[in-house]
Each structure stands twice: as structure tokens, then as C-alpha cells.
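Undergrad: this is a predicted model, with the sequence first.
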Amino acid sequence: MTSADHALDRPLLDEIERYYDAVPRSAARAEDFGPLTLFVRKGETGWQYYARPTLGHDGPPATAEDVRRVLERQREVGAPEAFEWVAEQNPELRAAVEAAGLAVHEHPLLVLSPQDEPAPAPVLPDGVVVRTLGPDAPELAEAVAVPHVAFGSRGTAIGTAGAPELAQSVAALKAEDGVAPIARRITDGVTVLAAALNGDSALCAGQYNPVGTVGEVVGVGTLPSARRQGLGLAVTAALVAHARANGVRTVFLSAADEDVARIYRRAGFRTFATALIAEPAPQREPAAE
């Protein structure tokens, strides 16, 4: 399903645009590049951010030269060379970033609006529970690490990566102090994390980040060896329930691809737009002589 398959909801698009501008500001500083804004993380650890269209900009649209200026600054501060935006909100930006040499990837955007009813949570396997985790939860490190393992094995098919790979990911995160920033965000109320647990082992986890009455579900990932048991839907359902219980009226997310989007539609989400992510194109290997 593409953006042409559904009517544009302009108030919803504007609401999401305001959210995208607001959500990085709790952990990043905003640098003004006219039609573009670059978000640079504060400190040495935590999530790395991106550039995106400037909220409310009413001047000329971004050009390839504007994009190149931001790219130069991203390289200067060690930030990823990445741009993120909503296709339907800023359709002209794609040509500019492609002219600057970046590759653009499309991801379905899905929403549960206030009038949308979420589907019932799936029945969990025996011994598995889903709950939100506090900043001191003993399972937090595994819950933060699970999506890293999951995204290393793309797709929705059952894979081989399991407990050994999860232990390696936990060790790497702890070595990089990668768990503490999430714990701080949970403490500050800017992130809520839910996990599917079997005993003290995390099988799936995800987060949502609330800003006012809008929240984005991010980073839902299932350990590849534990896929096809409804765990991702169960974690998403728990995040949605927590969000709704705490005043969040609009819950949205971006899916990796259409196969993943179909799973979220089973949870009651509906497609409303397309998220675009621009990054450097992969370098081709030189031809052998």
C-alpha cells in the first residue's frame, strides 16, 4: 500500500510533523540550516539524530546545496549522514537529497488515531509475560539489546540468532554505556519500554516516545529464534495500552517494509503516509581486471 492508496489526512500529517520536530529536542540541540534543521545529540552517548525539514519554513524549498551544507556539518560533528521526512509533507525534498548523492528508502507510516480501536492482544506462549520496565529493572539490558539482534536479521522469518547472540549484544551495549541513556529516558518519562519476558530472559522489546498527546512506537524487535509467536504484536499492544492510559491519543509508527506493515495492520493500525530516509548510497566494489 502506497500513499496513493489512502486519502491524505492533513491535520494528522501536521500533528505528526510537529511531533517529529519536538521529539529530538529532549536529547539533541537543533542547528538551523534555513529549510533544514539538523539535530545533534547532546553528549557522547545516546541516540544519534538526523536532519529534517524545518517546521513552519515558508521560504524556498531545500536545494541540493542546502543538503550538502548539512552533510558537511554532520561529518564535522560525527553524526550520521541521514535525513528523515514525510513524503506527503515535503515531496520536493527527495529530488534535492538525491541530487546531493543520497539514496532514499521508503517506509510505510501507520497510525492508531483516537477513533481507531486497537485489536485485542494475541495469546502469549506459556510462560511468557509482557510488561513495561522501569529504569532499574534487571531485564532492562536484555530488553534494550533484543532489537539490535533482531534488526541484524532482517525480515519476519524464524532465524537462528538466540540467547548467545543476545548475550553478546548485551555485553557490547554495556561496554559502550548504551543502557544508561535508555534508563535515564525512562526516568525522565520521555520513553516507555515494554518487553516480552520468559522468566528473566527478554524475547522481544519495543518503546514508545510520548510528546503531549502523540507517541511513536519505535524499535520493536523479536529475537529471531523466537519469531512467529505474536510477541511483536503483544509488545506493541502493551505500548498502545500504556500510551492510551496515559493521555496519548495518537499512536503511530513506521514499518521497515510492507511485510512488516501488514503485521501492524493486524494490530489495528492503518497506513496514512510514507516515511522517507535518505542515507549515503552503498559503495560499489571496483570491477576486477
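TA: Happy to help now that I have it.
Undergrad: only alpha carbons, please: show the helix or strand encompassing Ile16 as CSV.
TA: Following DSSP states H and E, one finds Ile16 within helix 10-22. Provided in CSV are the C-alpha atoms of helix 10-22 (Å, rounded to 0.1, in the frame of the first residue of the first chain):
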residue,chain,number,x,y,z
ARG,A,10,-3.8,16.9,6.5
PRO,A,11,-4.5,17.6,10.2
LEU,A,12,-2.9,14.3,11.1
LEU,A,13,0.2,15.0,8.9
ASP,A,14,0.6,18.4,10.6
GLU,A,15,0.3,16.8,14.0
ILE,A,16,3.0,14.2,13.1
GLU,A,17,5.2,16.9,11.7
ARG,A,18,5.1,18.9,15.0
TYR,A,19,5.9,15.7,16.8
TYR,A,20,8.9,14.9,14.6
ASP,A,21,10.3,18.4,15.3
ALA,A,22,9.7,18.2,19.1
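Undergrad: which neighbouring elements make contact with that helix?
TA: Secondary-structure packing of helix 10-22 (3 or more Cβ pairs under 8 Å, 6 or more residues apart in numbering; DSSP states H and E): strand 83-86, strand 102-112, strand 214-222, strand 250-254, strand 270-280. Quick note: C-beta positions are derived from backbone N, CA and C, even for glycine.
Undergrad: past that helix, which element shows up next along the chain?
TA: That would be, after helix 10-22 and using DSSP H and E, strand 28-33.
Undergrad: does Ser169 count as helix, strand or coil?
TA: At Ser169 the chain is in helix, as set by DSSP: H, G, I helix; E, B strand; the rest coil.
Undergrad: just the pLDDT for it.
TA: Ser169 carries a pLDDT value of 96.
Undergrad: likewise Ser3?
TA: Reported pLDDT for Ser3: 45.
Undergrad: mean confidence score for the helix or strand harbouring Arg265?
TA: Assigned by DSSP H and E, Arg265 belongs to helix 258-266. Helix 258-266 shows a mean pLDDT of 92.
Undergrad: buried residues in that helix?
TA: By neighbour count on 16 or more other Cβ atoms under 10 Å, the buried set for helix 258-266 is Val260, Ala261, Ile263, Tyr264, Arg265.
Undergrad: got the angle for that helix vs strand 270-280?
TA: 150 degrees (axes from the mean of the first three to the mean of the last three Cα atoms, to 10 degrees).
Undergrad: helix 258-266 versus strand 214-222: what angle between them?
TA: Using the same axes, to 10 degrees: helix 258-266 against strand 214-222 is 120 degrees.
Undergrad: need the residues that contact helix 258-266.
TA: Residues outside helix 258-266 that contact it (Cβ atoms under 8 Å, 6 or more residues apart in numbering) are Met1, Pro108, Leu110, Ala119, Gly155, Thr156, Gly232, Leu233, Thr236, Leu253, Ala255, Thr271.
Undergrad: rewinding a little: would you format the buried residues of helix 258-266 as a markdown table with distance to Arg73 included?
TA: Putting those into a markdown table (distance: Cβ to Cβ, whole Å) gives the following:
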| residue | distance to Arg73 |
| --- | --- |
| Val260 | 32 |
| Ala261 | 33 |
| Ile263 | 37 |
| Tyr264 | 34 |
| Arg265 | 38 |
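Undergrad: among the contacts of helix 258-266, who's most crowded?
TA: Thr236 (30 neighbours; other Cβ atoms under 10 Å).
Undergrad: sec struct for it, please.
TA: Thr236 - assigned by three-state DSSP - is helix.
Undergrad: who's in contact with it?
TA: Thr236 neighbours (Cβ under 8 Å, 6+ apart): Gly206, Val217, Val220, Leu253, Tyr264, Ala267.
Undergrad: the same query, at a cut-off of 10 Å, please.
TA: Thr236 makes contacts with 112, 118-119, 121-122, 130, 194, 204, 206, 208, 217, 220, 251, 253, 263-264, 266-269, as judged by Cβ atoms under 10 Å, 6 or more residues apart in numbering.
Undergrad: any idea how many residues pack against Gly152?
TA: Quick note: Gly152 (other Cβ under 10 Å) scores 13 neighbours.
Undergrad: could you check the pLDDT of the closest residue in space to it that isn't next to it in sequence?
TA: Spatial nearest neighbour of Gly152, excluding adjacent residues (Cβ to Cβ, 6 or more residues apart in numbering): Ala161 at 7.0 Å. pLDDT for Ala161: 94.
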